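# 3D, please:
(2 chains)
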Amino acid sequence: MNKIEIDLKQLLSAVDVSADWVGLREVYEKVTPRMIRDGVPVANGTYTTQGVMVEVLVNGQFGYFGTSNISKQGISDAAQKAYMQAKLASKHALVSFTEAVRPAFQGKYQSPFVKNSDTLSPGEMNEMLLKMNEALKVSDKIVSASSIFQIIETQFKFVSSNGSDITQDFLLLEADMSATAVDGTNQQTRTFGGMRGNCKQIGLEYFDQIDLIGKATQIGSEAIELLDADECPSGEMDALIAPDQMMLQIHESVGHALEVDRILGDERNYAGWSFVKLEDFGKLQYGSEHMNITFDPTVSGEFASYGFDDGGLKAERQFIIKEGKLLRGLGGMESQMRSGVEGVANFRASNWNRAPIDRMANLNLEPGDASRDEMIASVEKGVYMESNRSWSIDDYRNKFQFGCEYGKLIENGKLTKTVKNPNYRGISNPFWNSLKMVGNQDTFGIYGTPNCGKGEPNQVIRVGHASPLCLFENIQVFGGA
Amino acid sequence: MKAYFKSISSRLFDALNENETLSLSFSGESSQFIRLNQAKIRQTGLVDDMDLGLKMIHNGRTVSGGITLSGQKETDQNQALMALASLRAEIIQVPEDPYIVMPKGVPSSEEIQTANGLPFDHAIDALVPAMGDADLVGIWASGKIYRGNANSLGQFHWFETDSFSLDYSLVSSNHQMVKGTFSGRDWYQADYEKNIADSLHKLKLMEQKAVKVKPGDYRTWFEPAAVSDLLGMFSWNGISEGAIQRGSSSFGKMRHEGVVLSPQFSVSEDFNTGLVPKFNSIGEVANPKLNLIEDGKLRQTLVSSRTASEFNLESNFADSGEYLRAPKMASGNINASSVVETIGDGLFLSNIHYLNWSDNAGGRVTGLTRYACFKVKNGELVAPIETMRFDDTFYRYFGTELEAVGDQTKIIPEIGTYGGRDLGGTVCPGILVKAFSLTL
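Purely as a prediction, here's the structure:
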């Protein structure tokens, strides 16, 4: 579907409701998935969506109507219905807001890219995926191999009655590969950085920058290697965790725990609450002195970089945790008003049919100064773990358990044999306080996930996480069934 | 809405060239959402959404697409025709697909479920007063949901329902929680108020201080809501035939090593509940009932027509993802209403949370206890427990360690709203497990 061009400002001016504030947020998104599995195409297509979220503020209560009818009449009717919804709700409102929580900014954001999405034809993309697929099949024991690209083009526009006027254009690319090796009931899967971990804001120059065939061969070979590997040992030992697993560790045990709307209880019926309390900001020693976490929507090419959140607030880099101490929450303007805690521009919605809530954007662990060799040399007994394959954490973001695809024993300061089914578990606050060494820039990796779920009604949103290699001491590590 | 989908379908089918086949799907909703915190309104709004899916087959190739419909006929027809042109331009560029599933012209079906629900303008006043000053947090979702499927060979399916759900948690002053759900099609204010009152009564049980339990094996009763979550894992690298064939299923031990589960454990796909359409996303209609695991033995897996084509099997018309659409677990003999006495010493788990495979091949699942979970001693509920992590395999809790199955099944409604409001639910009883492993 082609984008239907609409004049959002004109539509706003035609809205006739006696609201204290009105905002229109238009979203157009085009998603192009392509996938080859076992030498055969299983996905080729183009999916588009376009709609407008009409939001009004009445007697301190917001009401919304998400509509795909983007005609003048459609928007006008939507505003009337949103108005009624807000008015009826205002007598039972949890919070009385003002338009201060929708600050007026004007500006533009554009994803950085060199080659646009049309640079390669569908045929060329399929050809590349087929070659990757062939390269994944390094042995007859690879029973299934998949190669995937997904290109996403998104345009956001936001205008409001108090003067917001924002345009943001995104070009995103997800690349993934997977090889499953089987020997009897022994089955091992290796992927390209965990499930869809390789996702970025980038153009099709991505394919010039990465040796995808070489990566495919490595992934296939490591899946075979895991078939003959010993089970990961169980016990308390050091864990050296690669950036493509740190991504999930940061996401689950730092990011969600610090979303201020969770701390305020909005999410208790779904994903849960948080072990962090409002009074912890500025005081809690979240992790060791090596832990420095930034909210950074300014990193060029990271998956969730942007210029403004969906409440219209300008996005800036902020330290969330510095030298282990908790400084700031992941809360947009609504949460900042409700909590009194300093926050960030993270009030985001998944699409035109959902209202914004507090989300992560890019949440990164800043590099330290240890080299990879120094970190390995410092470990007497431990396991190196790479690429997430399993994740689970409790509703207070305390007790987590993660599983990885690939492990290596570390014995007396050296990487030794490969181990399969490496898992570890812990409790967030003591775990982060056991962070012993943080890798330098050479160990740094930028990843993300397109699948962060939260909110009622539910929303899936894209987030970015970057991290160096990290060493944690005395962790509960264990293997498979 | 049905007429609208038919009209756009006809326009697209008329525009097809010779030897082109087109399959269409329709998904829509007109929904109200009210998000609550502390029994007050945090966010509220309405969403009207309609999506058209297109799948073109031509010359041994296939491409797909989707557009959002606006409800304006001329605009939508033009957009749909442009989408069709885009598919036509692309289909000549993609490789041949040897496992294409060609649509069929029959059968067609129609199921329209009407309801006497709560009008959007009345919902807030009907819902909020009964909550009183409780700390209630949750989501109200209501309105119409539509699903359709049509193809250029003449098949047409339509499913329409009107439903509501209030999915909520009540929170005690000591941060213990009780889960409640009130869902259906016709609204009865008295039933709603009773549901809230019953949950408030349960919350009083949670006022006691939570006790710590140590990691280890526990005799454990799972309420139906918890069993529903355990069964839900079968839909993710579990009972899918494609997953078994590709080495990424937890059912490998059953298929390849002849491992069986408990003779008390039986699961089927049962579309007689009427909670979901009987047709899948390409218009195929499954048998009303499909026995999957019978008396602990794996009888059938979910086989889509594509998997059937790829591995030379017979399709049972599972949807392309080969997930459970209408799961039903058979009830057993244990009296669920006096189960606390039967437990003796152990745990009573109402809900569990955040499940994931910790070792897919071994059938091992990890997750957490959540909501009203109690320590049981001498046949009585002693106190709520602090959150515990479990890590155990379904070959134990549905197999060697399954002591008994409850005599009453419940419908656990599907209340997810990712992308749009979900349909369906799981019908299952509670289970008593001799030893269930808590780890942290």
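
# who's residue B:374 bridged to?
residue B:348, residue B:384 (DSSP bridges).

# surely it meets residue B:388?
No. If you go by Cβ atoms under 8 Å, residue B:374 and residue B:388 don't touch, sitting 11.9 Å apart. Every C-beta, even on glycine, is put in place using the N, C-alpha and C of the backbone.

# Tell me which of these two has more neighbours.
Using other Cβ atoms under 10 Å in any protein chain shown as the criterion, residue B:374 and residue B:388 rank with residue B:374 on top: 25 against 22.

# Chain A versus that one, what's the distance?
17 Å (Cβ to the nearest Cβ, to the nearest Å).

# and the host helix or strand of residue A:383, anywhere near chain B?
Using DSSP states H and E, residue A:383 maps to strand A:381-393. Yes. Strand A:381-393 reaches chain B (Cβ under 8 Å from any Cβ of the partner chain) through A:390, A:391, A:392, A:393.

# count of neighbours near the closest residue to residue B:344 other than its chain neighbours?
Nearest non-adjacent residue to residue B:344, counting by Cβ to Cβ, 6 or more residues apart in numbering or on different chains: residue B:379, 5.6 Å away. By the measure other Cβ under 10 Å, the count of residues near residue B:379 is 13.

# just checking, residue B:379 touches residue B:341?
Yes. Taking contacts as Cβ under 8 Å, residue B:379 lies within contact range of residue B:341: 4.1 Å.

# Tell me which residue in the stretch 251-400 of chain B sits closest to chain A.
residue B:362 (2.6 Å; Cβ to the nearest Cβ).

# Do you know the pLDDT at that residue?
Looking at residue B:362, its pLDDT is 94.

# Is it within a helix or a strand, and which one?
Using DSSP H and E, no helix or strand contains residue B:362.

# rewinding a little: the strand holding residue A:383 - contacts with which helices or strands?
strand A:186-191, strand A:235-241, helix A:243-250, strand A:399-411, strand A:423-427, strand A:470-478, strand B:346-359, strand B:364-377 (3 or more Cβ pairs under 8 Å, 6 or more residues apart in numbering or on different chains; DSSP states H and E).

# The helix or strand where residue A:449 lies pairs with which strands?
Assigned by DSSP H and E, residue A:449 falls within strand A:445-454. When pairing is defined by DSSP bridges, strand A:445-454 lines up against strand A:459-467 (antiparallel).

# Buried by neighbour count: which residues of the strand holding residue A:449 qualify?
A:445, A:446, A:447, A:448, A:449, A:450, A:452, A:454 (16 or more other Cβ atoms under 10 Å in any protein chain shown).

# any idea how far the nearest residue to the fourth one once chain neighbours are set aside is from residue A:446?
In space, and not counting its chain neighbours, residue A:448 is closest to residue A:303: 3.1 Å by Cβ to Cβ, 6+ apart. Distance from residue A:303 to residue A:446, counting by Cβ to Cβ, to the nearest Å: 8 Å.

# Check the contact lists of those two and give me the overlap.
Common neighbours of residue A:303 and residue A:446, using Cβ atoms under 8 Å, 6 or more residues apart in numbering or on different chains, are A:200, A:464.

# ok, the residue of the stretch 251-400 of chain B closest to chain A touching residue B:393?
Yes. Under the criterion of Cβ under 8 Å, residue B:362 makes contact with residue B:393 at 5.6 Å.

# quick revisit: quick one: residues contacting the residue nearest to residue B:344.
Applying Cβ under 8 Å, 6+ apart, the residues contacting residue B:379 are B:340, B:341, B:342, B:343, B:344.
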